[in-house]
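Undergrad: mind looking at a prediction? Sequence and model below.
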Amino acid sequence: MNEKLFSVQVLRGFACLAVIISHAIGKALNSESIVLPLFISSTPELITFGHFGVDLFFIISGFIMFTVHYKDFGTNGAWKKFLIARFIRLVPIYWLLSSLALVILLIAPELFQHRSSAEIYWVLGSYFFIPVTTSYGLSSPLLGVGWSLNYEMLFYISFAFFLCFFRSYKSLGILSIIGSVSVIIGGNWHLKVTGEIMSLITSPLLLEFLIGIFCGYLFIFHKDTLVHYKRYFLLGSFIIFLCSFIYIPSNYGERFLLWGGGSALLLISALMYEYLFQKTSYFNYVFERFGAASYSAYLIQVFSLPFFSKVFLLMNLGTNWLIYVVFIVFGTV
């Protein structure tokens, strides 16, 4: 499918922005100079609500992989082209920023809140998208947000395998069955952090990629039927996200059901509204650029949020949490 889906680009930007805002509010909470309203400071778990953007990313990723490559199954060399394209898209900037983080960690470890030393296996795991826990209990890679890239890479390798050995996209049903069974039987639905390779392979969050593939299948082959139910998809998404705001998921199982389910319905509803109205404007280009920049912004926030936070405090711009968050988020974006 070669048509541009601007709704998907908008949601990618929206997902990235939700995560960045959530992390920015978290920095405000940890700052002694910023005054947060009582309802936030007394309920810090509300800050993690924006993390649903990662789940939306995963579902969009599965959707894009299917809609772009569903005709490539069994095609000679398709799996190589797929992996090379994914490598070029994701790896260079990730390795570059990981190297920057490593240099800073070696030179000025006091700048890191949750990292104390650069253990060799942990560093190698960070570069090669393998979760490794340090001796002091840290599970996230050099770039803290890079934990989600471990999931992305595992999904890409699995998808490339099916591109290589199967001649029909229908074989993805096998992947769905294998993934679902491994998670249901061997997965730990109570995990909050992926700390080892087995917890990654059997994580409920992997099912979000499969949901994205299913969304892609529905869009390609059944959108004329689904468009009649667009309001119900949007309403369902709103209800689920409202419930998840009232009851913030505390583990990967709840996260999959609430944030994954809400994200899937949001994606389908956005696609159906775009398919129905098919309007184009200058804003489409703006949204496309915003969505295209989302991956870079997602990674670089690790450096930009602390940097603009220090700028804000050095410039003595006040103690208002909202101005602080807007300032460091705007600087990042």
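TA: Done, it's in.
Undergrad: mind listing the helices for the stretch 1-150 of the chain?
TA: 6-30, 38-41, 52-69, 78-107, 120-127, 147-165 (DSSP state H, counting those that start in this stretch).
Undergrad: now these as a markdown table including distance to L200, mean neighbour count and mean pLDDT?
TA: All C-beta spots, glycine's among them, are computed from the backbone N, C-alpha and C. Converted to a markdown table, the helices of the stretch 1-150 of the chain look like this (distance: least, Cβ to Cβ, whole Å; neighbours: other Cβ atoms under 10 Å; pLDDT from 0 to 100):
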| stretch | distance to L200 | mean neighbour count | mean pLDDT |
| --- | --- | --- | --- |
| helix 6-30 | 20 | 21 | 92 |
| helix 38-41 | 32 | 11 | 80 |
| helix 52-69 | 13 | 24 | 95 |
| helix 78-107 | 17 | 15 | 93 |
| helix 120-127 | 11 | 17 | 93 |
| helix 147-165 | 6 | 19 | 92 |
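Undergrad: any chance of those helices in JSON lines, plus distance to L207?
TA: Formatted as JSON lines, those follow (distance: least, Cβ to Cβ, whole Å):
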{"stretch": "helix 6-30", "distance to L207": "18"}
{"stretch": "helix 38-41", "distance to L207": "31"}
{"stretch": "helix 52-69", "distance to L207": "9"}
{"stretch": "helix 78-107", "distance to L207": "20"}
{"stretch": "helix 120-127", "distance to L207": "23"}
{"stretch": "helix 147-165", "distance to L207": "11"}
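Undergrad: quick one: closest of those to V181.
TA: Nearest to V181, of all those, is helix 147-165, at 14.1 Å by Cβ to Cβ.
Undergrad: so what does that closest one touch, helix or strand wise?
TA: On a contact count with 3 or more Cβ pairs under 8 Å, 6 or more residues apart in numbering; DSSP states H and E, helix 147-165 meets helix 52-69, helix 78-107, helix 172-186, helix 197-201, helix 206-226.
Undergrad: so can I have a markdown table of those showing distance to Q113?
TA: Converted to a markdown table, the helices and strands packed on helix 147-165 look like this (distance: least, Cβ to Cβ, whole Å):
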| stretch | distance to Q113 |
| --- | --- |
| helix 52-69 | 20 |
| helix 78-107 | 12 |
| helix 172-186 | 32 |
| helix 197-201 | 23 |
| helix 206-226 | 28 |
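Undergrad: nearest to I240, out of the ones you listed?
TA: Proximity to I240 (Cβ to Cβ) singles out helix 52-69 among the helices and strands packed on helix 147-165, at 9.9 Å.
Undergrad: just the CA trace of that closest one, in CSV.
TA: The C-alpha coordinates for helix 52-69 follow below in CSV (Å, rounded to 0.1, in the frame of the first residue of the first chain):
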residue,chain,number,x,y,z
PHE,A,52,0.4,4.8,26.8
GLY,A,53,2.1,6.4,23.8
VAL,A,54,4.6,3.5,23.7
ASP,A,55,1.7,1.0,23.4
LEU,A,56,0.2,3.2,20.6
PHE,A,57,3.7,3.1,18.9
PHE,A,58,3.7,-0.7,19.1
ILE,A,59,0.3,-1.1,17.6
ILE,A,60,1.1,1.5,14.8
SER,A,61,4.3,-0.4,14.1
GLY,A,62,2.4,-3.7,13.6
PHE,A,63,-0.2,-1.9,11.4
ILE,A,64,2.5,-0.3,9.2
MET,A,65,4.4,-3.5,8.8
PHE,A,66,1.4,-5.4,7.5
THR,A,67,-0.1,-2.7,5.3
VAL,A,68,3.3,-2.0,3.6
HIS,A,69,4.6,-5.5,3.3
